[in-house]
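[1] here's a sequence, model it:
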Amino acid sequence: MLPAWGLEEFTIHRGWAELANMLADAGYTCLRFNWPGSGDSLGNPEEITALDIWKQAATEGAAFLKQTSGVEKIIIMGHGVGALLAPHIAHELAAEGLVIMAPQSEGRMGMRELEAWSKMIASYLRMPLETSDNTVNVAGHQLSKSLAADLASLRTAEIQGQQPVPALAVVRAGSRSAEEWTKNLTTAGFIVTELNYTGYDGFVAHNRASVTPLEDFGHVRNWLLETFPSAANPVERISLSPARLEGDGFLETSMRFGLEEKLVGVLCRPLSGSARAVALLINSGDSYHIGWARMHVEFARTLAREGIASFRIDTRGIGDSGTVDGPPFFTEEQLQDVVAAVSVLAAEDLGPVFTYGLCSGGYASIQVAARDPRVKALVAVNPSRLVLAPDETFEQILNSGTSSIADYRRRAFSLKTLKGILSGRISLATLVSKGNRILKAVGEEIFQRVFGFSRLSLSVQRQAKQLQMRGVTSILVYAENDGGLDELARHFGRKAPEDYDHATMRIVRDAEHNMTARHARATILQALRDAAFATGPKQI
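    Predicted coordinates:
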């Protein structure tokens, strides 16, 4: 299964795993992996400068699949950039069949689509658009321009020597891309069946949770069963040792843990010497364990080289971990999973444990530190909630937004917003809805200033005091316009960062909620270093 790249892979990761599980239930052995320089794989993006590196990874993946499972026939399946590459390695791997899903466009068109997507996402998430002479950047995910040029040079219709094997093209019906792919695959020698990819938009959505296109996946499975019926025979269970990756100054091991071992994490430790402390990197929202813009992987490996271990995890319902009934975060189940991860780290004896998370992960970082005395420090980045109100619903939390009241107010009365309303690009109803939320939040803040803090605020303050008395170091990091600052002011009053006595406060300028910008990630990394330093001896 050749993966997509960057934000697309990040978005569809869990659904891609669900497809693998669906096919396994139908009798197919599947191998998912990350391209070199992406996900959990070794390498930095700027170091992956040629397409041959990716082709070699696919070749080694096929060899590994045959070696570990005993299968003889290989079918190549790809999504996005993986689908673009799939036809070009089919002959080399002697593939019996091919499935391409939403393939990236060939040539410069594909690169222009990536650039346009990058600008659209940057505008929607209000991220600074980062440019580089050497890399393509989409929401913090980087691809070397030399590798991008190699991908742009691929022409399916020019493939030579391809045997006439069955190919399924899952593309959006009626699009120019669908017509071109069917034509080009046929010209290359494949026997093509085309299916309409009806669930594509919901699957790759970047502005909401990805919706797994189960109906489309079912069509893919049925085509495979009709075309390769022998695959439905029972397959013996494959037992593999935990994956281990050794890199520059770090050693990583994949782990299953928690209730019935249905949770997944990656333990990263210094390659030599003992660790002085260990960071528990909690996933944020629907983001799986590599972190937004792959920041958790970068944090883990940098910290390991500095003598600090880490454990990046997926709580249930996220990434590669098991399912959960109901919301996957801001729940008691999420906190139980994080406590289970603390238990893993305590057993590994890697030094004092400290928690870290962004947004919902920041909430979990605080709450688990408060309830588990084994946690010696915490780092919370843009936590949209410090504690949950008893009657607060998951939908209310999600709909509260991620920008501060001041930022919403400034944008609401801007000339750009007025032009957007007049052109129909901005819904007046949506603006009014946001305005009502702002008025409610401002009203709550005024009420607390006049009549004193609410019972919920007193609970938050008491929790903060208990953490202080336990000697837990608390570091809070916020983007300067993040809505989490209003949550902080709601419970502790609006103050200058240095005047909060329950935690060390750091404000990052020119950053959005996900902290995509390099300088924002550098601030978080320094906070993790400081938390590790605070938990033990004063020498590193």
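
[2] now stretch 472-479: how far from the chain's centre is it?
    For stretch 472-479, the separation from the chain centroid amounts to 22 Å (computed by Cα atoms, centre = their mean, to the nearest Å).

[3] okay, and the nearest residue to Glu260 once chain neighbours are set aside sits in which element?
    Closest residue in space to Glu260, ignoring its immediate chain neighbours: Gly322 at 7.6 Å, by Cβ to Cβ, 6 or more residues apart in numbering. For every residue, glycine as well, the C-beta is placed using N, CA and C. When elements are assigned from DSSP states H and E, Gly322 belongs to no helix and no strand.

[4] Gly322: neighbour count?
    Using other Cβ atoms under 10 Å, the number of residues around Gly322 comes to 18.

[5] what about it, distance to Arg256?
    10 Å (Cβ to Cβ, to the nearest Å).

[6] common neighbours of those two, please.
    Lys262, Leu263 (Cβ atoms under 8 Å, 6 or more residues apart in numbering).

[7] circling back: show me what contacts the residue nearest to Glu260?
    Glu260, Lys262, Leu263, Arg316.

[8] any idea which of the residues you listed is closest to Ile238?
    Minimum distance to Ile238 across those is 18.2 Å, recorded for Lys262 (Cβ to Cβ).

[9] show the pLDDT at that closest one.
    The model reports Lys262 with a pLDDT of 94.

[10] for it, phi and psi?
    The phi and psi values for Lys262, taken as degrees, to the nearest 10, are phi -100, psi 0.

[11] which residues are in contact with Thr29?
    Contacts for Thr29 (Cβ under 8 Å, 6+ apart) come out as Leu65, Ser69, Val71, Val235, Ile238.

[12] which strands or helices does the strand or helix carrying Ala86 pack on?
    Using DSSP H and E, Ala86 falls within helix 81-90. Where contact means 3 or more Cβ pairs under 8 Å, 6 or more residues apart in numbering; DSSP states H and E, helix 81-90 is packed against helix 51-69, strand 75-79, strand 97-101, helix 145-152.

[13] for Ala178, find the nearest of these.
    Short answer: strand 97-101, nearest of the helices and strands packed on helix 81-90 by Cβ to Cβ, at 11.0 Å.

[14] quick one: low-confidence parts of the chain?
    The chain contains residues with pLDDT under 70 at 117-118, 122-131, 206-208, 230-237, 401-453, 536-540.

[15] how about a cut-off of 50?
    232, 404-405, 407-409, 411-414, 417, 448-452, 538-540 (pLDDT under 50).

[16] where do the domain boundaries of it fall?
    6-232, 244-387+457-534 (automatic domain parsing).

[17] just name the most buried of these.
    domain 244-387+457-534 (a mean of 20; mean count of other Cβ atoms under 10 Å).

[18] before we move on, the earlier item: need the contacts of Gly322 in a markdown table with secondary structure and distance to Ser153, can you?
    Converted to a markdown table, these look like this (DSSP: H, G, I helix; E, B strand; the rest coil; distance: Cβ to Cβ, whole Å):
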| residue | secondary structure | distance to Ser153 |
| --- | --- | --- |
| Glu260 | helix | 48 |
| Lys262 | coil | 43 |
| Leu263 | strand | 42 |
| Arg316 | coil | 43 |
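
[19] turn those residues into JSON lines, including distance to Gly362.
    Converted to JSON lines, those look like this (distance: Cβ to Cβ, whole Å):
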{"residue": "Glu260", "distance to Gly362": "28"}
{"residue": "Lys262", "distance to Gly362": "24"}
{"residue": "Leu263", "distance to Gly362": "20"}
{"residue": "Arg316", "distance to Gly362": "19"}
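
[20] of these, just say which sits nearest to Thr504.
    Leu263 (30.3 Å).

[21] isn't Ile507 right up against Asn481?
    No - counting by Cβ atoms under 8 Å, Ile507 does not reach Asn481; the two are 9.8 Å apart.

[22] hmm, back to that, any idea how far Ala20 is from the residue nearest to Glu260?
    Taken as Cβ to Cβ, the span from Gly322 to Ala20 is 15 Å.

[23] helices along the stretch 351-500 of the chain, start to end?
    For the stretch 351-500 of the chain, the helices defined by DSSP state H, counting those that start in this stretch cover 360-371, 394-399, 405-412, 415-423, 428-451, 455-469, 484-492.

[24] how many other residues sit next to Ser239?
    Neighbour tally, Ser239, other Cβ under 10 Å: 6.

[25] what about Ala389, how many neighbours?
    Residues near Ala389, counting by other Cβ under 10 Å: 13.

[26] quick check on it: phi, psi?
    phi -70, psi 150.

[27] can you verify my assumption that it contacts Leu456?
    Yes - contact criterion Cβ under 8 Å: Ala389 and Leu456 qualify, at 5.6 Å.

[28] and the residue most central in space within the chain, how far from Arg305?
    The centroid of the chain falls nearest to Ser287 when counting by Cα atoms, centre = their mean (3.3 Å). Ser287 sits 24 Å away from Arg305 when distances are taken as Cβ to Cβ.

[29] again with His491
    37 Å.

[30] show me what contacts Ile524?
    Met295, Phe299, Tyr356, Leu358, Val379, Val381, Val477, Met515.

[31] from these, pick the one nearest Val81.
    Met295 (21.2 Å).

[32] helix or strand: which one has the closest one?
    Assigned by DSSP H and E, Met295 falls in helix 295-305.

[33] got the angle between the following helix or strand past that helix and helix 360-371?
    Next in sequence after helix 295-305, counting helices and strands by DSSP H and E, comes strand 308-314. Orientation of strand 308-314 against helix 360-371 (axes from the mean of the first three to the mean of the last three Cα atoms, to 10 degrees) gives an angle of 120 degrees.

[34] re earlier: residue contacts, the residue nearest to the centre of the chain?
    Applying Cβ under 8 Å, 6+ apart, the residues near Ser287 are Phe10, Ile318.

[35] only alpha carbons, please: show stretch 196-208 as PDB.
    This file holds the C-alpha atoms of stretch 196-208, laid out as PDB (Å, rounded to 0.1, in the frame of the first residue of the first chain):
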ATOM      1  CA  ASN A 196     -16.200   6.800  -9.100                       C
ATOM      2  CA  TYR A 197     -14.500   7.900  -5.900                       C
ATOM      3  CA  THR A 198     -17.700   9.400  -4.200                       C
ATOM      4  CA  GLY A 199     -16.200   9.800  -0.700                       C
ATOM      5  CA  TYR A 200     -13.000  11.500  -1.700                       C
ATOM      6  CA  ASP A 201     -13.900  15.100  -0.500                       C
ATOM      7  CA  GLY A 202     -14.800  13.900   3.000                       C
ATOM      8  CA  PHE A 203     -11.800  11.600   3.200                       C
ATOM      9  CA  VAL A 204      -9.100  14.200   2.500                       C
ATOM     10  CA  ALA A 205     -10.900  17.200   4.200                       C
ATOM     11  CA  HIS A 206      -8.400  19.400   6.100                       C
ATOM     12  CA  ASN A 207     -11.000  21.600   7.800                       C
ATOM     13  CA  ARG A 208     -12.800  18.800   9.700                       C
END
